[in-house]
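> I would like to see how this sequence folds:
(2 chains)
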Amino acid sequence: MNITLKCFATLSRFTPPDADAYPIAEGDTVANVVDRLGIPLDELKLVFVNGNHSELTVTLADADRVGLFPAVGGG
Amino acid sequence: MPANDSNASVQLEGRIRELAQPTRLADGRELPVLSFYFVQDLARSLGRSRSPQTVRPRGQSLAQVERAALALGVCPERYLRNFDTYSLDEQLRLLSSSVAMVGLGGLGGYVLELLARAGVGNIRAADGDEFVASNLNRQLHATRRSLGGYKAAAAAARLKQVNPAISFEPVASFLDEAGMGSFVAGSDLCLDALGGLKDRPALLRQAGNAGIPLVTAAVAGQSGFVATVLPGERGPADFFGAGEGAEDTLGTPAPAVAAAASLMAGEALNILCGREPKLAGKMLVFDLGQMSFETVSF
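The predicted structure follows:
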């Protein structure tokens, strides 16, 4: 199973080389993936799965698109 | 309306009808247009003491002429190229609408410019900040000359040059939450053009209390987002907290700031025209490094 990962702004430094087809295991949650990428939880403010706001506890499925956001406030 | 006012407005309508020129559009349609100079002339002729040709007409009189023309189905020349993205009815609606924007820096400078050119009739904008050299990379009103001056004052000067028919109320102070409450009250729409995260939740609450939509945006590096928050709904500021933002590391380069400002203005104008907000409960996220745009839902 693979997912598509998009890490925005400061989180882009955690983007894996295989972000377009990032392998996950059966039962993996967003939290598992975030942990594997080494993203500190206090830097992660918003999670979107397939374009919808989502919790860390959500179990991922094949071909899911995951977007990870830090706090962004510049103007 | 008193008899002499009503008389004057009938006279104005008559003059507009006389002076309007039928103009053939590229697609073959014909649109009556009132030239820029006739708008000025008619505005000068309004009011108690008629102003000589050399005097600049008052903004209020310009707005009165433009509104009267639009109500007659005549397009003031300055808005000709808004047509018919904005119909004449919608253009009149824009001229009669009011927005409250907080922040006149990177986002706010561009948003103000776009709303003024579009013809949003009443704009109040608050920023207590003064220009510093590090604003020069992106802020429209930051120039060598304006450094050290109030952003609100530079915005007012620019607005007078761009579209003097706009009633502009600059406030050169930082608003606390109570101040935001009275600042946004009575407007049709609130624009969050703040920099940093600290004040955004308060503005979101106060727009909600006033019962008006909030259009918000922020940028970090090449990434940014734009969102519309309807009263009582959650917005990005509810998730981001008041700590550091990614912009503290990545900066705020001009293309991302101007892109976010354009998207804000586009959404704001749709809302002010009476159309459905396209980003209500959503967030348009862009990354100019990847040239990617995606709209996500809360």
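
> show the pLDDT at residue 64.
Using chain A. The model reports A:D64 with a pLDDT of 98.

> you looked at the wrong chain, it should be chain B
At B:Q64, the pLDDT value in this model is 97.

> now do the SS call for the closest residue to it other than its chain neighbours.
For B:Q64, ignoring the flanking residues on the chain, the nearest one in space by Cβ to Cβ, 6 or more residues apart in numbering or on different chains is B:L46 at 6.2 Å. For the C-beta atoms, the positions are set from N, CA and C on the backbone; glycine is no exception. Under DSSP: H, G, I helix; E, B strand; the rest coil, B:L46 falls in the coil class.

> wait, B:L46 sits on B:R67?
No. B:L46 is beyond contact range of B:R67, at 11.9 Å (criterion: Cβ atoms under 8 Å).

> please report phi then psi for B:V171.
Per-residue torsions, B:V171: phi -130, psi 110 (degrees, to the nearest 10).

> B:G119 versus the spatially closest residue to it that is not a sequence neighbour, what's the distance?
Nearest residue to B:V171 in three dimensions, chain neighbours excluded: B:A126, at 3.9 Å (Cβ to Cβ, 6+ apart). To B:G119, B:A126 is 22 Å away according to Cβ to Cβ, to the nearest Å.

> what is the burial count for the residue nearest to A:N52 when sequence neighbours are not counted?
Counting by Cβ to Cβ, 6+ apart, A:N52 lies nearest to B:S297, which is 5.1 Å off, once chain neighbours are set aside. If you count neighbours by other Cβ atoms under 10 Å in any protein chain shown, B:S297 ends up with 13.

> quick one, what contacts the one residue in chain A that gets nearest to chain B?
Of all residues in chain A, A:G74 sits closest to chain B, at 2.9 Å by Cβ to the nearest Cβ. By Cβ atoms under 8 Å, 6 or more residues apart in numbering or on different chains, the contact set of A:G74 is B:106, B:195-196, B:218-220, B:224, B:245-247, B:250-252, B:257.

> in strands only, show me the residues you listed.
If you go by DSSP state E, the contacts of A:G74 have B:218-220, B:224 in strands.

> out of these, which touch chain A?
Subset of the ones in strands among the contacts of A:G74 in contact with chain A: B:218-220, B:224, counting by Cβ under 8 Å from any Cβ of the partner chain.

> does the longest helix seen in chain B reach chain A?
Looking across chain B with DSSP state H, the single longest helix is helix B:254-272. Yes. Using Cβ under 8 Å from any Cβ, helix B:254-272 reaches chain A at B:V257.

> can you give me the strands for the chain?
The chain I'm using is chain A. Per DSSP E, chain A carries strands over the ranges A:2-7, A:22-23, A:46-49, A:52-53, A:65-69.

> actually it's chain B I care about, not the one you picked
In chain B, the strands defined using DSSP E lie at B:21-24, B:30-34, B:75-76, B:98-102, B:122-126, B:167-171, B:189-192, B:214-220, B:223-229, B:282-287, B:292-297.

> mind putting those strands in a markdown table, mean pLDDT included?
As requested, the strands of chain B are exported to a markdown table (pLDDT from 0 to 100):
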| stretch | mean pLDDT |
| --- | --- |
| strand B:21-24 | 97 |
| strand B:30-34 | 97 |
| strand B:75-76 | 98 |
| strand B:98-102 | 98 |
| strand B:122-126 | 98 |
| strand B:167-171 | 98 |
| strand B:189-192 | 98 |
| strand B:214-220 | 98 |
| strand B:223-229 | 98 |
| strand B:282-287 | 97 |
| strand B:292-297 | 96 |
